[in-house]
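A.B. asks: pasting the structure only:
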């Protein structure tokens, strides 16, 4: 990802605040305000074009997000439709649009801002250092846990003689339990190593 566009060079704090304001505006938009949603969508489209993000990649991630949000929107739309005097389908469509706009804005923010700069911006805007450290480690070790899970799945397939998709609830729960135990063991080793190297709970970067 080439960080040479105008949005990439903008101060991370400005981008973070602008993204939060945009999401709040989307959430605060009343049901049925289609013109306002269209205007917010136009703003987002302009930002996507300026960011240089791949529309195909954004669309792929949006589809995965839509599967989850679509179910939640369908479940919660009934009560909202009665209060807003709108049809169930229009309420679902409204919720899908609003959630999609907020999600895509966050994707654009992540695309134009590296994760370390985003964390630094959060800290400078008043985020508690403990929470910033937690987010930093989460980003690092989610990938580690994913690799660990893939190794466990490969080992299971090598020793499993049933069909590939034949995974019982008991086997799945055991797999999750073992993964959690390994995560705790790794956490203890990592914390001990960091403490031995002078870790005091504060993340320091070259920009501090």
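C.D. replies: Received the coordinates, thanks. Given the structure is predicted, the values throughout are model-derived calculations rather than measurements.

A.B. asks: check contacts around residue 187.
C.D. replies: Under the criterion of CB atoms under 8 Å, 6 or more residues apart in numbering, the contact list for residue 187 is empty. Placement of C-beta: from N, CA and C, glycine included.

A.B. asks: which strand or helix spans it?
C.D. replies: helix 169-196 (DSSP states H and E).

A.B. asks: residue 81 now?
C.D. replies: Residue 81 belongs to helix 55-84, assigned by DSSP H and E.

A.B. asks: which of the residues in that helix are buried?
C.D. replies: Neighbour counts over helix 55-84 (16 or more other CB atoms under 10 Å) mark 58, 62, 65, 66, 69, 73, 77, 80, 81 as buried.

A.B. asks: what's the answer for stretch 103-113, then?
C.D. replies: If you call a residue buried by 16+ other CB under 10 Å, then stretch 103-113 has these buried ones: 103, 104, 105, 107, 108, 109, 111, 112, 113.

A.B. asks: now those as TSV including distance to residue 139?
C.D. replies: Converted to TSV, the buried residues of stretch 103-113 look like this (distance: CB to CB, whole Å):
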residue	distance to residue 139
103	18
104	20
105	19
107	15
108	18
109	14
111	15
112	17
113	13
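
A.B. asks: how far off centre is the helix or strand hosting residue 91?
C.D. replies: Following DSSP H and E, one finds residue 91 within helix 88-112. In terms of CA atoms, centre = their mean, to the nearest Å, the gap separating the centre of helix 88-112 from the centre of its chain is 13 Å.

A.B. asks: same question for stretch 139-152.
C.D. replies: Here the centre of stretch 139-152 is set off from its chain's centre by 17 Å, with CA atoms, centre = their mean.

A.B. asks: contacts for it next, please.
C.D. replies: 115, 175, 178, 179, 182, 183, 186, 190.

A.B. asks: I'd like the average pLDDT over it.
C.D. replies: Confidence for stretch 139-152, expressed as mean pLDDT, is 78.

A.B. asks: now swap in stretch 195-208 and tell me
C.D. replies: When the per-residue pLDDT values of stretch 195-208 are averaged, the result is 71.

A.B. asks: the domain parsing of the chain - what is it?
C.D. replies: 6-113, 124-196 (automatic domain parsing).

A.B. asks: quick one: end-to-end distance for the shortest one.
C.D. replies: The distance separating the two terminal residues of domain 124-196, taken as CA to CA, to the nearest Å, comes to 28 Å.
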